[in-house]
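**Q** Below is the sequence, then the predicted model.
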Amino acid sequence: IAFTKYGTGVGKDKGGLYDVLNEGSLILSTDRHFWSVYHNLPKPFKTGNVIIIPYVASTRIDDDPAPPKSYEKDPSSWYYFRGVYNRRGGSRGKLVDIAEHLSGHDFRDYRMGRTPEPDLLATSAEHMRRSAVCMSPAGDAPTSGRMFEAIATGCVPVVSSPMELMRTDLPFPSLVDWDSVALHTESFDVLEGTA
């Protein structure tokens, strides 16, 4: 049973699976603040029945035989973002304003449907590999999958999400210095100088 970015969920019929899950099941999540899960199944989060598991990048990123450093960065897309501009968290709307000041940006407002386009993941992985900086705003969770995918493709993530929320959810904190792996800001307002 899973909540995913493609809209799979659990119905809230009385006495059904929802009640079983909400009344004491152990929930696996990539982020304890994952909105879709804690909003729909609040009790396990309140009682601490949540195990944080590492995010696994798209197979389109993982199955490429060429290491990230073998890709030449493309000056026409130094800065990369795909996603919905108008979304809760992460100050995504500011990306439109920031793009006006960047040469070589490849930002696109894009809403993924329940069934992704066949080549979307492969195309996104390719664009990330060719970019130097990948904007990684919060989405349904502070630790957006974009951050991990950017790292896997050799693109430096710029994360806009409260670090105090992320620190408890990032995998292997004693092994990975997350402050040196990605650039962190509470909001993209800082990049525009309007914070």
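**A** Thanks, I have it. Numbering: from 1, shown residues only.
**Q** Please state the offset of the helix of greatest length in the chain from the chain centre?
**A** Taking DSSP state H as the criterion, the chain has its longest helix at helix 120-130. Its chain's average C-alpha position is 15 Å from that of helix 120-130, according to Cα atoms, centre = their mean, to the nearest Å.
**Q** wait, what's in contact with the spatially closest residue to residue 76 that is not a sequence neighbour?
**A** The spatial neighbour of residue 76 that comes closest, neighbours along the chain excluded (Cβ to Cβ, 6 or more residues apart in numbering), is residue 104 at 5.6 Å. Placement of C-beta: from N, CA and C, glycine included. For residue 104, the contact set (Cβ atoms under 8 Å, 6 or more residues apart in numbering) comprises 75-79.
**Q** now swap in residue 137 and tell me
**A** Counted by Cβ under 8 Å, 6+ apart, residue 137 has contacts 81, 83, 87, 89-92, 95, 144, 146, 159-161, 188.
**Q** Quick one: neighbours of the residue nearest to residue 172 when sequence neighbours are not counted, just the number.
**A** Nearest non-adjacent residue to residue 172, counting by Cβ to Cβ, 6+ apart: residue 54, 7.5 Å away. Using other Cβ atoms under 10 Å, residue 54 is surrounded by 10 other residues.
**Q** returning to what we had before: the longest helix of the chain: which residues count as buried?
**A** 120-122, 124-130 (16 or more other Cβ atoms under 10 Å).
**Q** Next, format these as a markdown table and append pLDDT.
**A** Conversion of those to a markdown table gives the following (pLDDT from 0 to 100):
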| residue | pLDDT |
| --- | --- |
| 120 | 76 |
| 121 | 76 |
| 122 | 79 |
| 124 | 83 |
| 125 | 84 |
| 126 | 85 |
| 127 | 87 |
| 128 | 89 |
| 129 | 88 |
| 130 | 88 |
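**Q** Out of those residues, which is nearest to residue 23?
**A** Residue 23 has its nearest neighbour among these in residue 121, at 35.8 Å by Cβ to Cβ.
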